[in-house]
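1. turn this into a model:
(chains A, B, C and D)
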Number of protein chains: 4
Amino acid sequence: MKKKELRIGLIGCGFMGRTHSNGYKRVGDFFPDLAYKPILKAVCSRSEDKVIAFAEQWGYESYETDWKKLISRDDIDAVDICTPNNMHMEIAVAAAAAGKMVLCEKPLSRNLEEGAQMVKAVETSQVKNTVWYNYRRLPAVTLAKQLVESGKLGKIFHYRTNFLQDWTINENLPQGGRAFWRMDAEAAGSGVTGDLLAHCIDLAMWLNGGIKDVSAMTEIFVKQRLREETGKMEDVKIDDACIFHCHFDNGSLGLFESTRYARGHKALFTFEINGEKGSLRWDLHDLNKLEYFNNADESIVKGWRSIHVTDGDQPYMDKWWVPGLSIGYEHSFVHQVADFLKSIATGEECHPTFRDAYETQKVCEAVLLSAKNKCWADTDVDWNN
Amino acid sequence: MKKKELRIGLIGCGFMGRTHSNGYKRVGDFFPDLAYKPILKAVCSRSEDKVIAFAEQWGYESYETDWKKLISRDDIDAVDICTPNNMHMEIAVAAAAAGKMVLCEKPLSRNLEEGAQMVKAVETSQVKNTVWYNYRRLPAVTLAKQLVESGKLGKIFHYRTNFLQDWTINENLPQGGRAFWRMDAEAAGSGVTGDLLAHCIDLAMWLNGGIKDVSAMTEIFVKQRLREETGKMEDVKIDDACIFHCHFDNGSLGLFESTRYARGHKALFTFEINGEKGSLRWDLHDLNKLEYFNNADESIVKGWRSIHVTDGDQPYMDKWWVPGLSIGYEHSFVHQVADFLKSIATGEECHPTFRDAYETQKVCEAVLLSAKNKCWADTDVDWNN
Amino acid sequence: MKKKELRIGLIGCGFMGRTHSNGYKRVGDFFPDLAYKPILKAVCSRSEDKVIAFAEQWGYESYETDWKKLISRDDIDAVDICTPNNMHMEIAVAAAAAGKMVLCEKPLSRNLEEGAQMVKAVETSQVKNTVWYNYRRLPAVTLAKQLVESGKLGKIFHYRTNFLQDWTINENLPQGGRAFWRMDAEAAGSGVTGDLLAHCIDLAMWLNGGIKDVSAMTEIFVKQRLREETGKMEDVKIDDACIFHCHFDNGSLGLFESTRYARGHKALFTFEINGEKGSLRWDLHDLNKLEYFNNADESIVKGWRSIHVTDGDQPYMDKWWVPGLSIGYEHSFVHQVADFLKSIATGEECHPTFRDAYETQKVCEAVLLSAKNKCWADTDVDWNN
Amino acid sequence: MKKKELRIGLIGCGFMGRTHSNGYKRVGDFFPDLAYKPILKAVCSRSEDKVIAFAEQWGYESYETDWKKLISRDDIDAVDICTPNNMHMEIAVAAAAAGKMVLCEKPLSRNLEEGAQMVKAVETSQVKNTVWYNYRRLPAVTLAKQLVESGKLGKIFHYRTNFLQDWTINENLPQGGRAFWRMDAEAAGSGVTGDLLAHCIDLAMWLNGGIKDVSAMTEIFVKQRLREETGKMEDVKIDDACIFHCHFDNGSLGLFESTRYARGHKALFTFEINGEKGSLRWDLHDLNKLEYFNNADESIVKGWRSIHVTDGDQPYMDKWWVPGLSIGYEHSFVHQVADFLKSIATGEECHPTFRDAYETQKVCEAVLLSAKNKCWADTDVDWNN
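-> Presented below is the predicted three-dimensional model:
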């Protein structure tokens, strides 16, 4: 079967540039039935040395140092945005205007207003679009979605989730800079809210529906950091921690926590959902496992089940190895590429779309507003009308 | 060595009557060096049948059906209050006035105002007093306290805790009644806030210091229940779930959740504390275990330690069996009795005192106020001036 | 209800004297419906100081320093043997001859020949007897027995179990002596085989039936130790580690390991049983938990269940607290006392009887023989014909 | 940097053909500094349809249906053998004779005699060779090796390991055939011994040194199965389960178990090693985790550490993502390819070599001999002199 080509132009060659590139390169080996295959046509970064090395390592056919040039090329079908957050909007809007499909790394944008313009751009241009909330496509998480949708949990009462790290517990980390742009409010928009909490929110709304209102709290533990460009100490403006509780539209209660100050946790991302009939929980540190409590089990042998999600009848796992053999973090990106390619063939949307991600952005905005004003905030603010 | 007697008058013979009685009966076997020994002098309950059976089963020397008579007896040194919460204040105040020591089951009271009167009573009468926040005295929890105090965690950033149950997910449970007084706002004061969250708060403040302000949310999932006495459906007034976040005085952030609607959890009580140098976590379902992360461990072998707290050099464990052999829930009460008896001998206070528990009550009050008003609430309201 | 008395004479006041005494003292509080109640009539130990202190601490009415005197007393109904193993036979035979019930700490005896005499003695005298293989009566273990008997596991293929400790990894521990008689072959009969492996074997045969033949290996890691009485280094004669595999009568394969040289394990006692329809596993370090795999569960949500065995419909747990609240090691002895008292009332046997324990002894004998001769050994050797 | 090419000829395109191909294709993306890069020159399988599809899916430049032709091609540098075990010897000997490097899937051979010829072949021809005991190169396992070698465990007392599956608990599985050659003694040589236990032995000897003698037991639970080619029931000749204990050369005791009849375990591969100073354990189901007990830790906080082996200073992990993000099973093959390529550049051996794997084969042979003869067997039998 001759496959159609999807010619990728990747912008940004940091951590996410690597995870996406790996996704494009692996997908054909494991999803042989796709009608499309990605072609690594070009990669773009301002630093020529860096982009040349990246292109060579990953096998991109060409490179650019100006993203506008990349977008203007005729041999690019889809633009993949892996830059710091402050570039998302400008690039996405331009790419959409140029008629390119757009794949954007999460969070969608630094703030809601930018997000609104991005949604408008892709919807106006009617270009295919998706945002890399990759965790949806870990098999255990996708299985959780199936179980929720099948009604196995019944009416939902509680949803709790957190994303805990500890890598910034260090007064000597700088305020921004190339390797540390996540610590710069100008580049990142926010701290853990956009970086970590947005993942929690995306999964939560996918699994449990919309969020109505939130009550939040943020904290900056280290108040000043050195800006290396200026050699001066400056006030830190990103949130080191962000916590909120909320009401979901379905009446359940949510509890969210994200921080980079939880000593001992490298990337502890967990969720738990409690329903009338059953419960589920998951933890990124042991990502192939889903825990499930079924209240209909016989009373004396009722308990949380530890499901090792590696069987052929579980999501995506028919593509990989044999039961019991784990896959890892990076596979979520391979799956998202596969689903994106499938969606081109079928003409369906590839969720989360920019609009889906905009809903997440609305919650982030409400969270930061709530924390700032020390009050509850509704999530129905909308720049996108 | 001839021991001195501490003659106990127990009021209430439900679940807590049993745990306390067991504490009194076991303590001498395992703490042979105490100067005092408890004597089960009298037990009191309104139902004569029930109290006779209880006295016989547990070996109380006598019984009463009127608590006022019990308090007036000369052969009672200490009154132990195991009644529903709505009786705590009246009994405690009367007992203190009669010059009895008072041991009161938690929560101290239905509300802060009652609590204030109770503190005033025991402090005016200068009678020894304690509240049964028993979990402090599980060895793993006491060890956590020692580690925090030793400075092993350094500056604290986060404290998270929850107490999750699922026993009231049932529309047919009644609104109150003898076996279900915890579901009756009149008898209990509140729902999970006083029942479960109060335990979380007591441990949190013991381990991590005072709480400054809170932002809370409560929920009643089943809105009406049958009151069996009247045969009518009535609005439920207790909280089925209560969630809050807060600032501690030391600058760390707190996250608290309690519910009776978390399917799959019988009594999941956990806490985790993250500091600059290390972290701790604990779970009541596996109560002999404490987990500890030490950031000073050599980098390549750094990880959470699972400490089985059953060694002779760990709190209380020299009194029990040999390393590796677990103790259970009930032992926390034995330890509290032992410490109470010790405190009589030394003349020191036995924490948590009524005043300590009043601090917990202040947080509960602020939590309920915050939830009601949908705003942050300070905890410095004080009826006790 | 007026209870009948069972007057206990306890011989030996070490670790096991404490666990048994606690069992006698607790049972009435938690099993109020028993027809019999134990009376702590007398305790016996050669050291008068020690026995006086013990009697006072635990509330024994009297004491003896000569076990023969204790046995001869008319006011003793049951003799409980908590001495080192080398005294089991002589005392049990004498007690049976005196018409006393006999409760003997495990292992039954130092060797099979002694065991044969003990069985003969109690069966000839027709006195009620039991051996304290207490772990059968932890609720999670008893539940395992129920599940196996109910057929939930189907045909059994595998049974694996171990008992791992690390307390003798120390060249300076002495060869025997009062506190260390377990390290003296003369007093103990064997090392880990009688001390730890016997527990594994008792549970294995209870859960999975008879053992046909064994292939074993033993090891002495520290070859010589100081005998304090003589001040001389002597060859160590007890086994520090004992491993064997075997065939069960039902065709399944067994794997057993016991050692005192497994660094990091205080008392890791585990078993796992794999059947056609399901599997079970258990671990003493988290003793309230039983894990269960049910192959009939729906394929995509199949997994090991973690059952917290603390519900009222699970074995023994209606007697204790509320769901989710753990009990500990010592409770197994309370349950054995309760069942022993029940068996007096019903006239049934209280398993494990001496004869049951003799079957365990046969396996131990075969194991040591196999290890010595480096060959397979049948377990059908029998001194008891 | 211009990389040198290593032109691969892969024989066999089943499960292992996929894992190896993936290894070759991924290595350059993640190990950019290697001097060599693999070229997928040709793949070979008897079925032309199958090999064409495989070549297309994985990007092999050409294909063959006769392995002898593949070996004779000048444009092949290295032959990778992924056939059923009965073809290993013939192909390896021919490939070595043709001067090709040889990479052979494990186990080396069906039996020791074949293995001897293979070792002789590669050593005579002096061709680079390796056997795909891939688990050595999971980061947690490699870290275990480093810790053992650093002396952190001290003198070793115990090594226990098992590999448990449940996929053949089904009387209707056939006796051999293309998809089930592992169940055919002629094709596989043995059952679980070569398939699973060989992995256990390879790791054990790598981590803990040579094995001196063994006492083993095997079992065939389903005695007859249908041979589809003949339509007849035939006696099953492969071992469904194989258990042994042993002495290591260093004086420690080993315990090994492998089975396909452990209900509930898809691929539970574990090892634990106990030394005087510390212990380690690992489990394939949660493969990024290594557990470590350090006896030198402060007494009151001593416990097993759960190490999430995903940091840049842990083996191989500087090549992948960021701390906390897991990799999977397949990465072990990428690492082995990387190390093989490195070894070409340095001229060092890439362990395990054929000779290393021959040592494992000797233990397998002794194990099967011991089981057959029901006696201990030494491992020093050697066909290779």
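2. which ones are touching residue A:29?
-> D:21-22, D:25, D:57-59 (C-beta atoms under 8 Å, 6 or more residues apart in numbering or on different chains). (C-beta placed from N, C-alpha, C; glycine too.)
3. same thing but at 10 Å, please
-> A:319, A:334, D:18, D:21-22, D:25-26, D:57-59 (C-beta atoms under 10 Å, 6 or more residues apart in numbering or on different chains).
4. for residue A:210, same thing?
-> A:204, A:247-250, A:359, A:362-363, A:379-380.
5. filter those down to the buried ones, ChimeraX style.
-> Of these, the buried ones go into a single ChimeraX selection, burial set by 16 or more other C-beta atoms under 10 Å in any protein chain shown:
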select /A:204,247,248,359,362,363,379
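6. from the contacts of residue A:210, which is closest to residue A:158?
-> residue A:248 (9.6 Å; C-beta to C-beta).
7. does chain B sit close to stretch A:233-243?
-> Yes. On the criterion C-beta under 10 Å from any C-beta of the partner chain, stretch A:233-243 is in touch with chain B at A:240-243.
8. burial count for residue A:2?
-> By other C-beta atoms under 10 Å in any protein chain shown, the residues close to residue A:2 number 6.
9. distance of it from chain C?
-> From residue A:2 across to chain C, the span is 35 Å (C-beta to the nearest C-beta, to the nearest Å).
10. ok, residue A:88 next?
-> 37 Å.
11. residues touching that residue, list them.
-> A:11, A:81-82, A:102, A:104-110, A:114-115, A:118, A:131, A:189.
12. apply 6 Å and report the result again.
-> A:81, A:104, A:109 (C-beta atoms under 6 Å, 6 or more residues apart in numbering or on different chains).
13. just send the residues you listed back as TSV, with distance to residue D:161 too.
-> As requested, the contacts of residue A:88 are arranged in TSV below (distance: C-beta to C-beta, whole Å):
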residue	distance to residue D:161
A:81	47
A:104	47
A:109	51
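14. and the closest residue to residue A:110 other than its chain neighbours, how many neighbours?
-> For residue A:110, ignoring the flanking residues on the chain, the nearest one in space by C-beta to C-beta, 6 or more residues apart in numbering or on different chains is residue A:189 at 2.7 Å. Counted with other C-beta under 10 Å, the neighbours of residue A:189 add up to 25.
15. quick one, phi/psi of residue A:189?
-> The phi/psi pair for residue A:189 (degrees, to the nearest 10) reads phi 90, psi -50.
16. that one and residue A:84 touch, don't they?
-> No. Shown here, residue A:189 and residue A:84 do not form a contact pair, counting by C-beta atoms under 6 Å, at 9.3 Å.
17. tell me how chain A divides into domains.
-> A:4-134, A:138-328+A:351-373 (automatic domain parsing).
18. my read: residue A:240 touches residue A:221, true?
-> Yes. Using C-beta under 6 Å, residue A:240 is in contact with residue A:221, at 4.8 Å.
19. list residues touching both of those two?
-> Counting by C-beta under 6 Å, 6+ apart, the residues touching both residue A:240 and residue A:221 are residue A:261.
20. let's check: the centremost residue of chain A is which one?
-> residue A:133 (2.5 Å; C-alpha atoms, centre = their mean).
21. Three-state assignment for the residue lying closest to that one once chain neighbours are set aside, please.
-> Leaving aside its chain neighbours, residue A:133 sits nearest to residue A:202 (4.1 Å; criterion: C-beta to C-beta, 6+ apart). What DSSP: H, G, I helix; E, B strand; the rest coil gives for residue A:202 is helix.
22. burial of residue A:202, as a residue count?
-> Residue A:202 - counted by other C-beta under 10 Å - has 25 other residues nearby.
23. show the pLDDT at it.
-> At residue A:202, the model reports a pLDDT of 98.
24. what separation do you get for residue A:372 and chain D?
-> Counting by C-beta to the nearest C-beta, the gap from residue A:372 to chain D is 30 Å.
25. quickly find the element holding that residue.
-> Element membership of residue A:372 [criterion: DSSP states H and E] is helix A:354-373.
26. do the same with residue A:40
-> Per DSSP H and E: strand A:36-44 holds residue A:40.
27. for stretch A:308-322, give the mean pLDDT please.
-> Stretch A:308-322 comes out at a mean pLDDT of 97.
28. same question for stretch A:221-237.
-> Mean predicted confidence for stretch A:221-237 is 93.
29. buried residues in it?
-> A:221-222, A:225-226, A:236-237.
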